[in-house]
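In: Here is a sequence together with a model predicted from it:
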Amino acid sequence: MDYQALGFKCGLEIHQQIESHKLFCACPSVVNDEHQPDIFFERKIRAAAGETGMIDRAAAYEMKKDRIFKYEACSTSSCLVELDDEPPHQVNMHALLIGLEVALLLNARILDQVHFMRKTVVDGSNVSGFQRTALIAIDGYIDTSKGRVAIPTICLEEEAAKKLEEQEHIVRYRLDRLGVPLVEIATDASLQDPEHAKEVASLLGMVLRSTGKVKRGIGTIRQDVNISVHGHPRVEVKGFQELRSMPKVIEHEVKRQVAEGKRGEPHVRRANPDGTSTYLRPMPGAARMYPETDIPVLRITKEIISSIKLPELLDERALRFEQQYKLSADMAKLIVREEIPFEQYVQAYPALEPGFIVHTLVNTPKEIHARYGLDAGQLAEADFDKVFAWLQSQEITKEAVMDVLVALLKKEKVDLSKYLPVDEREVEKILKKIIHENKGAPVNALMGEAMKQLRGKVEGKRIMELLKQLTS
């Protein structure tokens, strides 16, 4: 499709959970509490009028459903704040600082005052009937392959409850994740096509992960996409969990709007697994917002901003690994993406070549699985530390690494005497004896006998070279 000719407009909203305790209480952000729920209650929720004096149209739409919301929670991860039986406590400053760090990485201007607002939400996902949110920075941007994309707003807000079950008039929620701090990043509508949207979402995800202070895994980050074509109002599609599905969903929505022909109403849709989307509710408006009176204004001083130490972006780290340690671009990106502590080992064991450390961390576990059928993912950092320490002190050879890791994986005691390096003169002596005892045997057969005695002590390539020399 010619997206430019269609008058395509597209923007993203990224919601990322922050790794910290909840935003307005000291409860832990476990998201999925493994304990059995010991708190049960139910509510009916009505919408309050916003600053305009009107009830938001999306909230009015939800109220017409006249549903009962049943909640369950664990006292290990929820308190009276989540139950809306107690006012919010002091704002989690650690979470706020992480939000400000993200804002600085996105070249945004941090506001000198943070005012929390109440955003009306009456679908039951917030027990109080509203979500607390605060604008913390404006006028950011991110550079992409198709030009600079503006980031008008960055907010700090609280996560919603998790829906467990929905029937016609009853909806069940669990409160583990309610109140977990979120950073919300909103781009402008300059994304040029579906693949560009995916690229921008990927770049924003990379920036967030670069902090090392956000949650990882399914459900910890969500993307909403705002889409319109010429003659149609904005439609928000929610519920993206995987980036790879984003272009397909956007393309489906564009086709839907084009096929619709007539101008529709702005509304919110839910992304489906097959790339289509389903109507959810009317688009919320300005009437959904009103001031939060329980939380004082927070002042962001120059001292607070100067205390924030910005991390190295993951893309920059991968490029540095590639150049500094002479790694391939794909390997450098893999190390960074999989969070393999490569540089930690390079610095701890300077006698070892960086390339060999990479091979041991990335390729050797795959070889162990292929050769022995063992789950090398069970190897801990402590196991690699032992092997690298023994290598650095020359208690084992490089050739012994796989055997030693297999022994550690099997929880066996490692006999280092089996892997002591052998002097080359001693190697020649052993090989001459093997040749003498196996007169007329081909080199490959001699190699098999040699490996029985020298495996893990001498590089196989060197054994073969010596055998060829001694038999020629």
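Out: Perfect, thanks for sending it.
In: Tell me, how many residues neighbour residue 244?
Out: Using other Cβ atoms under 10 Å, residue 244 has 8 other residues around it. C-beta here means a position set from N, CA and C on the backbone, and glycine is covered the same way.
In: can I assume it sits in a helix?
Out: Yes. The assignment for residue 244 is a helix, going by DSSP: H, G, I helix; E, B strand; the rest coil.
In: how about the nearest residue to it once chain neighbours are set aside, what does it touch?
Out: Distances taken as Cβ to Cβ, 6 or more residues apart in numbering place residue 198 nearest to residue 244, at 7.7 Å, with adjacent residues excluded. Taking Cβ atoms under 8 Å, 6 or more residues apart in numbering as the criterion, residue 198 is in contact with 243-244, 246-247.
In: neighbour-wise, which of those residues leads?
Out: When neighbours are counted by other Cβ under 10 Å, residue 246 leads these with 24 neighbours.
In: Helix or strand: which one has the residue nearest to residue 244?
Out: Taking DSSP states H and E as the definition, one finds residue 198 inside helix 194-210.
In: And that helix, what's buried?
Out: 194, 196-201, 203-210 (16 or more other Cβ atoms under 10 Å).
In: wait, which of those is closest to residue 114?
Out: Closest to residue 114 out of the buried residues of helix 194-210 is residue 208 (19.7 Å), distances taken as Cβ to Cβ.
In: Can you show me the helices along the stretch 351-472 of the chain?
Out: Assigned by DSSP state H, counting those that start in this stretch, the helices in the stretch 351-472 of the chain fall at 354-358, 364-372, 381-392, 401-409, 424-437, 443-454, 460-471.
In: winner for burial among the ones you listed?
Out: helix 401-409 (a mean of 20; mean count of other Cβ atoms under 10 Å).
In: tell me what that helix is packed against?
Out: Applying 3 or more Cβ pairs under 8 Å, 6 or more residues apart in numbering; DSSP states H and E, we find helix 401-409 packed against helix 364-372, helix 381-392.
In: Does anything pack onto the last one? Which helices or strands?
Out: Contact partners of helix 381-392 among helices and strands, from 3+ Cβ pairs under 8 Å, 6+ apart: helix 342-348, helix 401-409.
In: okay, the angle between the longest one and helix 364-372?
Out: Per axes from the mean of the first three to the mean of the last three Cα atoms, to 10 degrees, the angle that helix 401-409 makes with helix 364-372 is 80 degrees.
In: hmm, back to that, adding mean pLDDT and distance to residue 99, write the helices and strands packed on helix 401-409 out as CSV.
Out: Formatted as CSV, these follow (pLDDT from 0 to 100; distance: least, Cβ to Cβ, whole Å):
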stretch, mean pLDDT, distance to residue 99
helix 364-372, 93, 37
helix 381-392, 93, 30
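In: Widest-spaced pair of the contacts of residue 198?
Out: Taking Cβ to Cβ as the measure, those have their most distant pair in 243 and 247, spaced 8.9 Å apart.
In: Now residue 30: closest residue in space that isn't a chain neighbour?
Out: Spatial nearest neighbour of residue 30, chain neighbours left out: residue 77 (5.0 Å); criterion: Cβ to Cβ, 6+ apart.
In: how near is the residue lying closest to residue 156 once chain neighbours are set aside to residue 117?
Out: Among residues not flanking residue 156 along the chain, residue 99 sits closest, at 4.4 Å (Cβ to Cβ, 6+ apart). Counting by Cβ to Cβ, to the nearest Å, the separation of residue 99 from residue 117 is 15 Å.
In: To residue 44, which of the helices of the stretch 351-472 of the chain lies closest?
Out: Nearest of the helices of the stretch 351-472 of the chain (Cβ to Cβ): helix 381-392, 51.1 Å.
In: residue ranges with poor pLDDT in the stretch 351-472 of the chain?
Out: Low-confidence segments of the stretch 351-472 of the chain, defined by pLDDT under 70, span residues 420-424, 426-428, 451, 453-463, 466.
In: With the chain instead?
Out: Across the chain, the stretches falling below the confidence threshold (pLDDT under 70) are 241, 420-424, 426-428, 451, 453-463, 466.
In: Check it for its longest strand and report it.
Out: Longest strand of the chain, by residue count under DSSP state E: strand 130-144.
In: Within the sheet, what are the partner strands of the helix or strand following that strand, with directions?
Out: For strand 130-144, the following helix or strand on the C-terminal side (DSSP H and E) is strand 147-158. Within its sheet, strand 147-158 is paired with strand 130-144 (antiparallel), strand 181-186 (antiparallel), according to DSSP bridges.
In: I'd like the next helix or strand past the helix or strand where residue 320 lies.
Out: According to DSSP H and E, residue 320 maps onto helix 314-324. Beyond helix 314-324 on the C-terminal side, the first helix or strand identified by DSSP H and E is helix 329-337.
In: can you list the helices of the stretch 351-472 of the chain in a markdown table and add distance to residue 17?
Out: Conversion of these to a markdown table gives the following (distance: least, Cβ to Cβ, whole Å):
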| stretch | distance to residue 17 |
| --- | --- |
| helix 354-358 | 31 |
| helix 364-372 | 30 |
| helix 381-392 | 25 |
| helix 401-409 | 33 |
| helix 424-437 | 57 |
| helix 443-454 | 52 |
| helix 460-471 | 49 |
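In: domains for the chain, by residue range?
Out: 9-306, 314-419, 424-471 (automatic domain parsing).
In: Could you work out the end-to-end span of stretch 397-412 for me?
Out: Stretch 397-412 has an end-to-end distance of 19 Å (criterion: Cα to Cα, to the nearest Å).
In: can you give me the offset of that stretch from its chain's centre?
Out: Its chain's average C-alpha position is 32 Å from that of stretch 397-412, according to Cα atoms, centre = their mean, to the nearest Å.
In: and the gap between the residue lying closest to residue 18 once chain neighbours are set aside and residue 31?
Out: Among residues not flanking residue 18 along the chain, residue 181 sits closest, at 4.2 Å (Cβ to Cβ, 6+ apart). Applying Cβ to Cβ, the value for residue 181 to residue 31 is 12 Å.
In: and what of residue 249?
Out: For residue 249, the distance to residue 31 - Cβ to Cβ - is 25 Å.
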